[in-house]
Each structure stands twice: as C-alpha cells, then as structure tokens.
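In: Pasted the sequence and its predicted model underneath.
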Amino acid sequence: MALYRLFCIALFVFFFSGCAEEQFKANTDVQQFQQITRETEKVKEGKDGMVQKPTAASLETMDVGDYILGPGDLLQMTVFETKDLDSTVRISSRGQISLPLLGTVDVKDLTAAEAEAKIEDLLKAGYLQDPHVSLYIKEHVSKQITMVGSFKNPGTFDYLAKRKLLDVVAIAGGVSEKAGSAVYITRFDEKTKKNINYFVDLDQLLRKGNMEQNIPILGGDVIFLPESGQCFVDGAVRKPGTYPLRSGMTIAEVITLAGGLAGYADSDKIKLIRYMGDGKDRQILSLTYNDLQGGVGDSLVIKDQDIIFAEASSSGTFLSGSGFTLGFMGTGVSYKDPRQ
C-alpha cells in the first residue's frame, strides 16, 4: 500500500509540473528596455518644453519692481532727502494712497518702480529739487496664492509678505500621504503677459534638504501638487498590491516593499511590464533574482503604472504547499495551492 501511495504522489508531481504556465512573455532585454525608456522620456520632455526648472539663485534676482500694486497692499515709503515724508500706507479699494504733502496719489495697476517714479515727479514738481523715493511692499494683499492638489488644506490664501515654497506648503498644512514628488508653479509674467510654468523637485527639498529647490513664491502664483505615481506588484510575492512611488524608486525597493518573493516564485522569471503610450506595445522585461542582486535591480527605476509580476514555479508551488488531497481509491493524498 505504501508503494502504491508513493506511486500516486510521483504521478501527481509529474502531472502538476506541467501546469504552471508563464503568464507574460518577455519581448526585450535590459539594454533595449532602458534605451526605449530614454527615447520615450526625451519625446515627453520635448512636449513639456515650456516647463522650466528654476534655481533659487535665478529666482532670487527677480525684479520686485515688476509687482503690480493693488487694493490692500501695504507700502512703506522712504524719502531719502527727509525723514518727515516717510510713511506707511495701505492702498485703498480705489487704488489710491494718501501721502504727506501730496495728498491722494493713484497707484492702481502701477508697478512699485513706476509708483516710485510717479511720487518722485510729484515731489520734484512742488517740493523737493531732486527727490529719491523707495517703496517697500510690506504686505502683498492684492494678489493671492492658490494651492491645489495633494496638500492637507488646499485653497486660496492671502499673500501677506514675501515667502518661499516651504512657507506656503506650511500654510496649506503640509503635503498629504498621497503627494507626489514634483510641484508645478504657474506664474503670470507681467512683461510677456504670458504664464510661465516652473517645475520643482519636492523630493529633493523635503527629503534631502536641497534648499536650492526652496524657491520664492509671488502673489498670484498657482501651486499644483499632483498625487504620486503608483505601481502594481502581483504574482508570487508575499504582499501583492498597489504601491505609491517615491522619486528614484527601483524595482529592488518595490519588491522589498511587497515583502519579497514568495516561496513558490520562479526566481528566473520576474517580469517588469511598462506602458509605453497609446498605440505602442508594452515592454516586458524578464529578470532573474541574480539580476536583482547583481546591481540591475538598483538601476531600473520604476515609473508610474509599471507592473511587476513574479511568475510562479510549478515545483515551488507544489513544495511550498501545506499538503494536497487526491482522494483516489482511499490513498488519502492531499495538496493545497499556497496561492489560494
């Protein structure tokens, strides 16, 4: 009887070994996969060519005189020839300010530099020989900033004073758990009368402390923080599911997040599947466990919507089970698929 039972088990193993079918067939290798990805990204960069990557140094030098004055703005005026004319005034709802000697002065829709020149001309016409006026905008109330996307408290906020990106992120309550790693800032350029779009690497700023990304924010800016990308892990892994992506996350990191390979995984058939755009075939790359350990896993950066699928090994599936049930002529042989 024991010999017969062993024969049944051997027959079952032979039958089962042919049941594990490969789910995804590879159609590329590592070199081709990376090359096609680079070419696709170049095309995307060309389409997004209007998005700039500013540095703090370049934006710090922006001419504050380009700011258009409006109702509610608080101005501090300094007249270098005499302190008696120094004053702090707020622009009225009609766009006017009240100044010593001059009375009411209309500054609506003027830049700070234009308002300075206008006040100097008025003082020169009746009071001072060669006046020099400086206007400092203490509160930028006439223009607001808009925070949209994955902030904890998105909304529109008054721009009271000169602020940087981290300041306004704090005003919006910080970023949410689903926040991505990039911020897009839309800014209206008074000179060209067009919107300029800036890209900031939020991951570099918040996680790596790169203060060059902490750029100045101006009144009227719209700050958009999209949700993070995500990838999908399925097949013979311990914790299949959907995982949010951080900047620069690799396939080795994602598999680690998914708990690693299951005992029934085929370590020679780990698939990375990438969507390449409308009308294009998905690229399917097959990797081995040795590839991942040998450095390839740390060089393959995962993109939004990538799928990582670990194929199952037939023998691994069988040996990893908790038993099996054949119930054939009273043999009592049992088997349970660990994936169930």
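Out: Looks like it arrived, so ask away. Residues are numbered from 1 along each chain as shown.
In: what does the domain assignment say about the protein?
Out: Per automatic domain parsing, the structural domains of the chain span 20-46+229-314, 51-60+143-225, 68-139.
In: Tyr184 and Asn197 touch, don't they?
Out: Yes - counting by Cβ atoms under 8 Å, Asn197 is a contact partner of Tyr184 at 6.2 Å. Placement of C-beta: from N, CA and C, glycine included.
In: export the domains of the chain to CSV and tack on mean neighbour count and mean pLDDT?
Out: Converted to CSV, those look like this (neighbours: other Cβ atoms under 10 Å; pLDDT from 0 to 100):
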stretch, mean neighbour count, mean pLDDT
domain 20-46+229-314, 16, 85
domain 51-60+143-225, 16, 84
domain 68-139, 16, 93
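In: Show me the helices in the chain, by range?
Out: Assigned by DSSP state H, the helices in the chain fall at 2-16, 30-47, 56-60, 112-126, 165-171, 202-206, 251-257, 289-293, 296-299, 314-319.
In: hey, which strand is longest across this structure?
Out: strand 265-274 (DSSP state E).
In: Given that strand, what are its sheet partners and their directions?
Out: strand 283-287 (antiparallel), strand 307-312 (antiparallel) (DSSP bridges).
In: how about the ones you listed in a markdown table, adding distance to Thr28?
Out: Listed next are the strands paired with strand 265-274 as a markdown table, based on distance: least, Cβ to Cβ, whole Å:
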| stretch | distance to Thr28 |
| --- | --- |
| strand 283-287 | 5 |
| strand 307-312 | 14 |
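In: wait, which of these is closest to Pro244?
Out: Of all the strands paired with strand 265-274, it is strand 307-312 that lies closest to Pro244, at 14.0 Å by Cβ to Cβ.
In: Tell me who's in contact with the residue nearest to Tyr289 when sequence neighbours are not counted.
Out: Spatial nearest neighbour of Tyr289, excluding adjacent residues (Cβ to Cβ, 6 or more residues apart in numbering): Ser267 at 3.8 Å. By Cβ atoms under 8 Å, 6 or more residues apart in numbering, Ser267 lies in contact with Leu261, Thr288, Tyr289, Asn290, Ser313.
In: Please apply the same query to Asp304.
Out: Applying Cβ under 8 Å, 6+ apart to Asp304 gives the contacts Gly229, Gln230, Cys231, Leu245.
In: which pair in these spans the largest distance?
Out: Greatest spacing in the contacts of Asp304, by Cβ to Cβ: Gly229 and Cys231 (7.3 Å).
In: what sits in contact with each of those two?
Out: In contact with both Gly229 and Cys231: Leu245, Lys303, Asp304, Gln305, using Cβ under 8 Å, 6+ apart.
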